[in-house]
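1. Predicted model follows, preceded by the sequence.
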Amino acid sequence: MRAELALAALVPVALLVDLAAGSRKQAVTRAVSLAGLALVAWAAIKAPNGEMFGGSFAMDGLARILKLSGTLLTGLAFAYAPRDLKAAGALRGEYYLLGMFALLGVFVTASAGSLLTLYLGLELLALALYTLVALQRHCAQAAEAAMKYFVLGAIGSGAMLYGISLLYGLSGSLLLDEVAAQGSAGAGSYVAAALVLAGVAFKLGAAPFHQWVPDAYQGPPLGVAVILATVPKLAYFALIVRLMVTGLPVAQEQWNPLLIVMAAASLAMGSIVAIAQTHAARLFAWAAIGHVGFLLLGVAAGSGEGLAAALFYTLVYTLMVAGAFGVIIALQRQNAPLDSLRGLYRRHPGLALIMLLIMLSMIGLPPLAGFLAKWQILMALIEQGMTVLAVVAVVFAVVAAYYYLRIVRLMFMEAPEEEGRLTPGWTTTLLLSANGLALLVLGIWPNFLLDLCRAAFASG
């Protein structure tokens with residue numbers, strides 16, 4: 001609980017600083033939040049493994065990886081976002097407070113050992129995200145996106161809660177280990193699994209429960225979208241592992257085929273529909289649906305190696321999309337049409353090269369981390385005899401390469417719409433450079449992170 005307590009204490013401290021800091025309160029609040037996140041990360045590193053509250057809360061290898069990754073991604077979002085939020089008139093202390101509340105939801109979900117703590121963590125995350133999407137209060141587009149996200153998110157939460165209540169009724173326990181031990185194959189378990197899987201799919205934005213994703217990414221400022229696209233993915237991966245893999249193993253023969261269908265549908269929808277997009281945030285929203293398909297394939301492989309591959313893929317994907325949004329924010333263009341990337345190499349060669357690394361990694365070209373992430377998923381599928389699924393994944397990955405290469409063409413082969421050099425600031429440039437180079441380093445020397453991912457599922 002060290003990291004959770006540190007993060008919970010950081011929120012009121014940041015609030016008081018924001019109230020008392022005066023004319024430069026946004027910069028001071030950001031600095032305090034980033035410094036606090038560093039302390040939270042240290043607390044997560046030092047926290048010992050073990051269980052609390054009768055097994056309702058646990059610290060293990062998976063929770064530690066997700067908490068550290070979530071803290072890093074939140075810090076990157078806080079560093080990238082201010083320029084865009086200021087231009088949109090939405091740069092306020094509430095952004096940092098809500099971002100940390102969302103991170104706290106990730107922490108609770110990652111360590112959840114019972115149905116109750118799992119749901120509490122998810123709802124804490126969801127409420128913070130709903131408010132973040134509506135942060136630009138006087139923008140009709142942001143309000144519409146927040147309303148759609150809230151309504152569809154509530155439907156997903158309701159379906160999941162109904163499934164969770166059935167699991168509790170069937171097992172007589174809230175603890176996930178006891179739910180798994182006392183569960184039995186039957187109609188009740190299958191209905192519960194279907195409802196829970198529907199809720200999981202809503203949260204992840206997997207097809208056919210993906211309707212909220214494009215609007216939620218496009219409606220708010222990009223500084224909000226960068227959090228929405230990265231941090232929640234970690235909680236939702238924990239949700240799949242804790243609730244589906246740990247809590248419902250007896251119904252796996254029933255929910256795994258549904259998971260495979262959703263994964264294939266997500267790959268198809270994300271890869272094909274993204275081709276027609278002209279708005280950067282909307283393109284990455286549809287692309288995210290396709291990446292969720294890859295993640296679900298790792299879970300569907302049904303092995304410890306598949307889960308480790310899915311975790312590695314999640315971590316690499318969130319790092320890639322954080323960098324992509326960071327570059328787009330640095331373009332200093334509201335609404336971020338793809339055409340704003342035209343001629344980026346002439347206006348800022350460094351940003352163009354960083355974006356090139358990110359796009360090639362998303363395609364899955366060696367020696368970048370995106371290639372290895374996809375490769376691990378494919379190998380896990382082949383080892384389980386799911387060669388057809390691996391072929392389907394490769395086909396749609398090739399289709400998706402088209403719109404990533406289109407971005408590369410815009411940056412390097414088109415004339416810029418505006419003249420003059422971009423000035424993103426040295427801090428942003430340094431962080432984006434580290435973000436892009438991390439993808440190259442993880443692609444060449446992946447063993448450290450891969451071993452951590454495998455160790456998180458070693459007992460499975």
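-> Structure's in. What do you need?
2. When you work out contacts or count neighbours from here on, use the C-alpha atoms and nothing else.
-> Fine.
3. and the strand or helix carrying residue 452, what does it pack onto?
-> Assessed by DSSP states H and E, residue 452 sits inside helix 447-456. Contacts defined by 3 or more C-alpha pairs under 8 Å, 6 or more residues apart in numbering; DSSP states H and E place helix 447-456 against helix 61-80, helix 304-330.
4. what's the following helix or strand after the last one?
-> For helix 304-330, the succeeding helix or strand toward the C-terminus, using DSSP H and E, is helix 344-347.
5. Output that following helix as PDB, nothing but the C-alphas.
-> Provided in PDB are the C-alpha atoms of helix 344-347 (Å, rounded to 0.1, in the frame of the first residue of the first chain):
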ATOM      1  CA  LEU A 344       7.700  18.100 -40.600                       C
ATOM      2  CA  TYR A 345      11.300  17.100 -41.600                       C
ATOM      3  CA  ARG A 346      11.900  20.600 -43.000                       C
ATOM      4  CA  ARG A 347      10.400  22.300 -40.000                       C
END
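6. right, so of the helices and strands packed on helix 447-456, which gets closest to residue 251?
-> helix 304-330 (17.5 Å; C-alpha to C-alpha).
7. So which bits of the helix holding residue 452 are buried?
-> If you call a residue buried by 16 or more other C-alpha atoms under 10 Å, then helix 447-456 has these buried ones: 450, 452, 453, 454, 455, 456.
8. What of stretch 175-191?
-> 175, 176, 177, 178, 179, 180, 183, 184, 188, 189, 190, 191.
9. Distance from the chain centre to it, please.
-> 28 Å (C-alpha atoms, centre = their mean, to the nearest Å).
10. end-to-end on it?
-> End-to-end distance of stretch 175-191 (C-alpha to C-alpha, to the nearest Å): 19 Å.
11. what residue is smack in the middle of the protein?
-> residue 233 (2.6 Å; C-alpha atoms, centre = their mean).
12. and that residue, what is it in contact with?
-> 204, 314, 318 (C-alpha atoms under 8 Å, 6 or more residues apart in numbering).
13. And the residue lying closest to residue 288 once chain neighbours are set aside, its phi and psi?
-> Residue nearest to residue 288 in three dimensions, not counting chain neighbours: residue 270, with 6.9 Å by C-alpha to C-alpha, 6 or more residues apart in numbering. Backbone torsions for residue 270, taken as degrees, to the nearest 10, come to phi -60, psi -40.
14. So residue 270 sits against residue 290, correct?
-> Yes. With contact defined as C-alpha atoms under 8 Å, residue 270 counts as touching residue 290 (4.1 Å).
15. about what we covered before: CA atoms only for the helix holding residue 452 - export them in PDB, please.
-> Output in PDB follows, covering the C-alpha atoms of helix 447-456 (Å, rounded to 0.1, in the frame of the first residue of the first chain):
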ATOM      1  CA  ASN A 447      15.700  -9.200 -22.200                       C
ATOM      2  CA  PHE A 448      15.400  -7.200 -19.100                       C
ATOM      3  CA  LEU A 449      11.800  -6.200 -19.700                       C
ATOM      4  CA  LEU A 450      10.900  -9.600 -21.200                       C
ATOM      5  CA  ASP A 451      12.200 -11.400 -18.200                       C
ATOM      6  CA  LEU A 452      10.200  -9.100 -15.900                       C
ATOM      7  CA  CYS A 453       7.000  -9.900 -17.900                       C
ATOM      8  CA  ARG A 454       7.700 -13.600 -17.800                       C
ATOM      9  CA  ALA A 455       8.400 -13.500 -14.100                       C
ATOM     10  CA  ALA A 456       5.000 -11.800 -13.500                       C
END
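16. which outside residues touch that helix?
-> 60, 61, 62, 65, 304, 305, 308, 309, 311, 312, 442.
17. thinking again about what came up before, tell me which of the helices and strands packed on helix 447-456 sits most buried.
-> Stretch with highest mean neighbour count among the helices and strands packed on helix 447-456: helix 304-330 (a mean of 25; mean count of other C-alpha atoms under 10 Å).
18. chain center to that one, what's the gap?
-> The answer for helix 304-330 is 7 Å, by C-alpha atoms, centre = their mean.
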